[in-house]
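Engineer: below are the sequence and a predicted model for it; my questions follow.
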Amino acid sequence: MRRSTYYAVGIVTALFLLSWLLRGWSLADERPDSYLRAFLVTVSAFLTLAIFSFLYKDNPFYKFAEHLFVGVSAAYWMCLGFWSTIVGNLFPRLSEEVSVFFKQPYQPGAYNIFYWTPVILGLFLLMRLSPKAGWLSRWPLAFIVGTTAGLNFIRYLRSDFIVQVSSTFVPLLGREPFQWQGIGDFLANFDLSATGQFAVLLTNWIIFVGVLCGLIYFFFSREHTGAFGAASRIGIWVLMITFGASFGYTVMGRISLLVGRLTFLFRDWLGWIT
Amino acid sequence: MSSSRLSCKRTKRGCPTSPLFGQVLAPASSRRCDLTARELPRNAKTCRTIVGRVPREAQRNKKPDIRLDIRLQDFQARLKTYTRHRITIRSLTALLLLLTALSGSQAQDNADSVLTSDLETSLAPAALPPAPVTELKAFDSKNDHGHSVTLNWRLSPDDGAGKNIVFAYEVYRWVPFFMDSLKSVREKLSQTESAIAELEVFEPPAKHLLNMHREGKPGKGFADSVKFYEDTLAASKRLLPEYRQQVDRLRDERDEGIDRIPSAHTSYPSEGEWRKVGTVVAGESRFENVGVKDKESADYLADNTPYYYRVDAVTVNPAVRSQSDVVGPVRSSGQWFNTGRVPVFVAVMVFGFLTVYFITRAKRGIDLYVRPLAGIDAVDDAIGRATEMGKPILYVLGLGTAADIATIASFTILGRVARRVAEYQTQLIVPCYDPIVMTVAQETVKAGFSDAGRPEAYNEDIVYFVTQSQFAYVAAVNGVMLRQLPATNVYMGRFYAESLILAETGALAGSIQIAGTDEIAQIPFFIVACDFTLIGEELYAASAYLGREPLLLGSLKAQDYAKAAVIALATAGIVAANLDWTWFTTLFRVSR
């Protein structure tokens, strides 16, 4: 590392140490463990700013936060998977001795021979470590992919196909209270409000045309030319307008996350806002 | 009340189509129904509480916030009737008291008090029970795994008409006293098992601590607890075998009891009593007595057991009720087929037939056209660019599991990329979020290198696991993008909130970016930050387009036909909706 990097690291460390002491001193009247609390808040603030520093460019602080985050999370998920899934759920259903060894209450009525299936498949998966028996690891993969694909097939067919089709059954000429009674009645009661007859009919037409053209866009076994191509272009417009609305909606959600972090920095760490 | 508001005959519990349903409303108060005047007629067929229709002027009312006011008229009417009776009773009581005072006899006073009480009881509206429900039928619930009985009946003539005093219906099932002893066995068993579990969990650490103490390494403040631990361990040693024996005995007893449930019900009507199993509000004429199939549960409802039911019509005064005839015996049982899911079955069969048909055609060598996809055509160019620049290609499979369809499609594209990379001798980086996905990806890349005739170029480190934490994974991939500066980033699979972070970082690093996902909410981010984006099903089509395998091409062609069917059915459905052909729309109704 360059000398300037050392200086930067030293200055930042000193600033955060100072921040810790000041925060601990300011909390001393409120909490008995003020310095411990101040230390945790300061570390959180440091890690937050280290990640934010990526907006400038890649730097040692970001690297430190990234590696810490990746390492801690990898270890955390591994421990969680082992202790909650294998020790917490599997062993108490399989063996009294093993569950007592892991200090888990045994569930005698829950024993089922099929619980040995994940044990065996899990062991097969570990066979990857053996060059000779590595081929066995493909069995659990085939099992996972095959069973889930089969289960999802029915689920998707129901929710994305049949329910989707029936949701498209909308009255294009209106239904009560907007029963179509001729153009004269329509114009006499013309209304641009969101719950008016015009808005309801327009919505139904957009659903109908949007679904049809959207589906045509996703036809892959035919060239998109002529009337088919025109419908396809309308379909992509419908999709893009939908994506635009979705984009704006999600960005608003992200802004609220940013506000949450800034609130932490300015309230919990610096104490500038209450 | 505004002319746009409707009367609702449901009084005490509110409108069943409203979120307020089930809340006991204060008498003489009113609640607003969530149905707007414009929504109401659409729901009128299911909203059985609506007495009137929306007035024409209300329909044309241009105010968007018109709400229907559910007035508790019936309840008020009943309250008034009841109050009138009370007033009459009080008047008679006062008259009797006056007579008593005139006679001056204490004995007579007492007698009159009794008489007053009797009279009050006899004249109270409570003495007028409603007419009972009729035509009560009980049958096994259809399309389930058993353990459920459905009842329906004709409403009491005094529900919504006649005296209009029915408040609710209470459903009773005849239960033998034997079930109480079984319940008691279950409770004892549960308590004993809990006690054993506690002792088993307590024992090892307590022993460990005592051993440490004996070895002269007591923990801080532990000395005071030594006696407690020793006593508890001694008790545990003595009690555990006893408890285990007791558990074995209780389990046998419980299992025997469960086997005896059907025979115990045959003793009807002796050695048992009627117990309430549920309540439905007035106006409802259906109830489902759903139990569980877990024999160890207290709510277990045994199949093939003769059950007897009756339904009581009750008024606001729970003591005033009328009983229906008893119906039974009825037995529950499970069905092999759920007829409510026939539409799904038909769709599976049709789609399966189309897929097999087109796969067969593709295998015969008949050319099945797939239109070019810009995003996929760009992959080869991007690999070439990376080779020329001498920079790596980053392939991100997303956060999906190996069973997600998007991830499976991504594996096919990864195989193609790996083959090209091996041919061009370019570096490939595949950081993985899921360990199973990593394993499959390793196999895919290995196969790609072998197909290209360069198996020796394959390196296990090409595909590696990062972490299963979403944003930690993103941080790591971002680091790779900025440090190794890949020429091309390919994002194919299932993505969530990390999509924009990844794509923006890749754009900052100056990489060519190609993305594809079926997560609708994430596609916008890829569209704005990537050079090429495969939208939804294009991702699946891409795998067929690249692979040109008969299996994939055939299923792609079948999907196109399925879409054509959707268009045809949707058009027919719209015609049906406009012409009120409900028989057609109900064809697409799928039960749970």
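Structural biologist: Perfect, I can see it now. Numbering: from 1, shown residues only, chains lettered A, B, ... in the order given.

Engineer: how about the helix or strand containing residue A:251, does it reach chain B?
Structural biologist: Taking DSSP states H and E as the definition, residue A:251 sits inside helix A:226-263. Yes. Counting by Cβ under 8 Å from any Cβ of the partner chain, chain B has neighbours in helix A:226-263: A:239, A:240, A:242, A:243, A:244, A:246, A:247, A:250, A:254. For the C-beta atoms, the positions are set from N, CA and C on the backbone; glycine is no exception.

Engineer: what pLDDT does the model give the fifth one?
Structural biologist: At residue A:244, the model reports a pLDDT of 91.

Engineer: helix or strand next in line after the helix or strand of chain A with the lowest mean pLDDT, which one?
Structural biologist: Ranked by mean pLDDT, DSSP states H and E, the weakest helix or strand in chain A is helix A:183-188, scoring a mean of 74. Next in sequence after helix A:183-188, counting helices and strands by DSSP H and E, comes helix A:197-217.

Engineer: show me what counts as buried in that next one.
Structural biologist: The neighbour-count check on helix A:197-217 (16 or more other Cβ atoms under 10 Å in any protein chain shown) flags A:197-198, A:200-201, A:204, A:207-208, A:210-217 as buried.

Engineer: so what does that helix touch, helix or strand wise?
Structural biologist: When contacts are defined as 3 or more Cβ pairs under 8 Å, 6 or more residues apart in numbering or on different chains; DSSP states H and E, helix A:197-217 packs onto helix A:226-263, helix B:550-579.

Engineer: can you say which of those helices is packed in most?
Structural biologist: The highest mean neighbour count among these, using mean count of other Cβ atoms under 10 Å in any protein chain shown, belongs to helix B:550-579: a mean of 19.

Engineer: quick check: buried residues in the helix or strand that it is followed by?
Structural biologist: Using DSSP H and E, the helix or strand that follows helix B:550-579 in sequence is helix B:582-585. The neighbour-count check on helix B:582-585 (16+ other Cβ under 10 Å) flags residue B:584 as buried.

Engineer: could you give the mean pLDDT of helix B:582-585?
Structural biologist: The average pLDDT within helix B:582-585 is 80.

Engineer: hmm, it in reach of chain A?
Structural biologist: Yes. Helix B:582-585 is in contact with chain A by Cβ under 8 Å from any Cβ, via residue B:585.

Engineer: read off the pLDDT value for residue B:231.
Structural biologist: Predicted confidence (pLDDT) for residue B:231: 79.

Engineer: one more: the one 10 residues further on?
Structural biologist: With respect to pLDDT, residue B:241 has a value of 84.

Engineer: buried residues in stretch B:521-533?
Structural biologist: B:521, B:522, B:523, B:524, B:525, B:526, B:527, B:529, B:530, B:531, B:532, B:533.

Engineer: among those residues, which lie within helices?
Structural biologist: Judged by DSSP state H, the subset of those located in helices is B:523, B:524, B:525, B:526, B:527, B:529.

Engineer: count of residues packed around the nearest residue to residue B:163 once chain neighbours are set aside?
Structural biologist: In space, residue B:163 comes closest to residue B:130 once its chain neighbours are excluded; the distance is 6.3 Å by Cβ to Cβ, 6 or more residues apart in numbering or on different chains. Neighbour count for residue B:130, taken as other Cβ atoms under 10 Å in any protein chain shown: 23.

Engineer: can you pull the contacts of the closest residue to chain A within the stretch 451-592 of chain B?
Structural biologist: Chain A sits closest to residue B:469 of the stretch 451-592 of chain B, with a gap of 3.2 Å, by Cβ to the nearest Cβ. Going by Cβ atoms under 8 Å, 6 or more residues apart in numbering or on different chains, residue B:469 touches A:69, A:70, A:73, A:74, A:76, A:77.

Engineer: which ones, among the residues you listed, also lie beside chain B?
Structural biologist: A:69, A:70, A:73, A:74, A:76, A:77.

Engineer: drop anything exposed from those.
Structural biologist: Going by neighbour count (16+ other Cβ under 10 Å), the ones next to chain B among the contacts of residue B:469 have A:69, A:70, A:73, A:74 buried.

Engineer: ranges for the helices of the stretch 101-250 of chain B?
Structural biologist: B:106-123, B:178-214, B:226-265 (DSSP state H, counting those that start in this stretch).

Engineer: let's have those helices in a markdown table, adding mean neighbour count and distance to residue B:376.
Structural biologist: Shown next, in a markdown table, are the helices of the stretch 101-250 of chain B (neighbours: other Cβ atoms under 10 Å in any protein chain shown; distance: least, Cβ to Cβ, whole Å):
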| stretch | mean neighbour count | distance to residue B:376 |
| --- | --- | --- |
| helix B:106-123 | 13 | 86 |
| helix B:178-214 | 15 | 57 |
| helix B:226-265 | 14 | 60 |
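
Engineer: wait, residue B:403 sits on residue A:149?
Structural biologist: Yes. Contact criterion Cβ atoms under 8 Å: residue B:403 and residue A:149 qualify, at 6.5 Å.
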